[in-house]
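J.: Predicted model and sequence below, questions to follow.
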Amino acid sequence: MKLINGLKAERERLSLTQAALAQKIGVSRKTINTVENNVFIPSTILALKLARALGRSVEELFQLPDDPS
């Protein structure tokens with residue numbers, strides 16, 4: 001299942017680099033990169049940390065498509 005992912009847009013809106021966001025939540029820059037590029041679907045804990053760091057809800061960052069296929 002594909003995830004609609006608004007992480008990159010929100011990070012860029014706040015003028016944060018991948019490295020800065022990664023440092024803020026205690027993960028590697030590569031983790032941020034793989035989530036942004038839909039290589040890796042974040043765990044619940046990671047999604048919550050990302051949302052908190054960006055001042056958004058998890059649902060504002062990540063959504064399921066209308067068609068579940």
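T.: Noted; the coordinates are in hand.
J.: okay, and for this protein, where does confidence drop off?
T.: The chain contains residues with pLDDT under 70 at 1, 67-69.
J.: Give the other helices and strands that the longest helix that it contains contacts.
T.: Identified as the longest helix of the chain according to DSSP state H is helix 44-54. Under the contact criterion of 3 or more CB pairs under 8 Å, 6 or more residues apart in numbering; DSSP states H and E, helix 44-54 touches helix 7-13, helix 18-25, helix 29-36, helix 58-61. For every residue, glycine as well, the C-beta is placed using N, CA and C.
J.: Can you tell me which of the ones you listed is nearest to Lys49?
T.: Minimum separation from Lys49 across the helices and strands packed on helix 44-54 (CB to CB) falls at helix 18-25, 4.3 Å.
J.: Give me the contact list for the closest one.
T.: The contact list for helix 18-25 (CB atoms under 8 Å, 6 or more residues apart in numbering) reads 11, 16, 28-29, 31-33, 36, 46, 49-50, 52-54.
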